[in-house]
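*Asks:* sequence? don't have it. structure:
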């Protein structure tokens with residue numbers, strides 16, 4: 001009886017997850033279909049690209065969908081060393097640790113085998129017992145941060161939300177970036193960032209973008225993003241909650257109106273599928 005109940009519960013969980021992923025895909029399609037439509041301004045008023053999720057009902061299920069520019073984050077392949085080290089400082093690392101991790105990131109992505117002052121190339125990885133050396137190539141995913149010399153699980157969780165490999169820009173767009181990313185911009189203070197965020201929130205309600213006038217133009221972009229991160233969330237009746245993200249390049253290429261760069265489905269954030277009632 002216990003085995004049968006366990007197998008039924010596992011099957012129910014699997015079915016719920018498959019259904020959930022299908023609903024998440026519906027959310028992606030809904031956002032894409034609207035943003036590729038003719039009346040873009042009307043869509044943006046209904047579904048602004050500020051990262052906040054809006055409710056959408058599909059097939060009797062309540063979804064939360066939204067999108068934001070991917071240049072809200074710092075591109076690991078294109079941002080300069082100072083920008084990346086500032087990002088590590090804004091994530092709470094001490095100056096010495098930020099210097100070491102920043103140099104290790106730079107050594108990972110460059111093509112030579114000369115390590116920076118506090119960085120790491122193959123010999124450093126070998127001496128530390130890593131089964132691999134520096135990649136000496138571009139980051140293909142932000143998850144590669146977990147492979148960097150000196151980055152453990154706790155540190156990885158702190159820094160990974162700041163970065164991307166899909167923005168295609170050396171800069172970030174203040175229109176989308178969160179506080180930690182804005183603090184990473186060289187030369188800005190906490191007061192400047194907080195004042196800008198307050199102005200951005202108030203001006204967004206009036207439909208006009210705020211300008212981060214105090215930021216260095218070498219690190220900020222003012223043009224609208226072309227690469228977006230679509231977000232879709234759903235909670236199933238059994239309590240299972242799922243979240244998916246899709247990174248999409250909306251620049252048309254010939255007949256293709258968009259290009260999907262990455263899709264991820266997170267593990268359930270909470271809840272479990274209901275177990276079957278025991279037989280009497």
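*Replies:* Looks like it arrived, so ask away. A quick note: this is a predicted structure, and the numbers were derived from the prediction, not measured. Numbers count the residues shown, from 1 in each chain.

*Asks:* mind listing the strands in the stretch 51-200 of the chain by residue range?
*Replies:* All strands of the stretch 51-200 of the chain, identified by DSSP state E, counting those that start in this stretch, fall at 54-58, 61-69, 74-75, 163-164.

*Asks:* where does the stretch 151-280 of the chain have low pLDDT?
*Replies:* Along the stretch 151-280 of the chain, the model assigns pLDDT under 70 to residues 204-209, 267-280.

*Asks:* list the buried residues for whichever strand or helix holds residue 29?
*Replies:* According to DSSP states H and E, residue 29 maps onto helix 2-35. Neighbour counts over helix 2-35 (16 or more other Cβ atoms under 10 Å) mark 12-13, 16-17, 19-21, 23-24, 26-28, 30-32, 34-35 as buried. C-betas here are computed from N, CA, C, even on glycine.

*Asks:* state the distance from residue 144 to residue 21.
*Replies:* In this view, residue 144 and residue 21 are 25 Å apart by Cβ to Cβ, to the nearest Å.

*Asks:* make that residue 261, sorry
*Replies:* Taken as Cβ to Cβ, the span from residue 261 to residue 21 is 18 Å.

*Asks:* coming back round to it: what's the helix holding residue 29 packed up against?
*Replies:* Helices and strands touching helix 2-35, by 3 or more Cβ pairs under 8 Å, 6 or more residues apart in numbering; DSSP states H and E, are helix 40-46, strand 54-58, strand 61-69, strand 227-235, strand 241-249, strand 259-265.

*Asks:* compare these and report which one is nearest to residue 168.
*Replies:* strand 227-235 (6.1 Å; Cβ to Cβ).

*Asks:* please compute how far the closest one lies from its chain's middle.
*Replies:* 10 Å (Cα atoms, centre = their mean, to the nearest Å).

*Asks:* give me the residues contacting it.
*Replies:* By Cβ atoms under 8 Å, 6 or more residues apart in numbering, the residues outside strand 227-235 that reach it are 20, 23-28, 31-32, 35, 49, 51, 53, 61-72, 166-168, 241-250, 261, 271.

*Asks:* let's see that with 6 Å instead.
*Replies:* 20, 23-24, 27-28, 31, 63-70, 166-167, 241-249 (Cβ atoms under 6 Å, 6 or more residues apart in numbering).

*Asks:* do stretch 84-98 as well
*Replies:* Contact partners of stretch 84-98, identified using Cβ under 6 Å, 6+ apart, comprise 74, 101-102, 105, 158-159, 162, 180, 183-184, 186.

*Asks:* contacting residues for the nearest residue to residue 264 once chain neighbours are set aside?
*Replies:* Leaving aside its chain neighbours, residue 264 sits nearest to residue 245 (5.3 Å; criterion: Cβ to Cβ, 6 or more residues apart in numbering). Each residue near residue 245 by Cβ under 6 Å, 6+ apart is listed here: 229, 231, 264.
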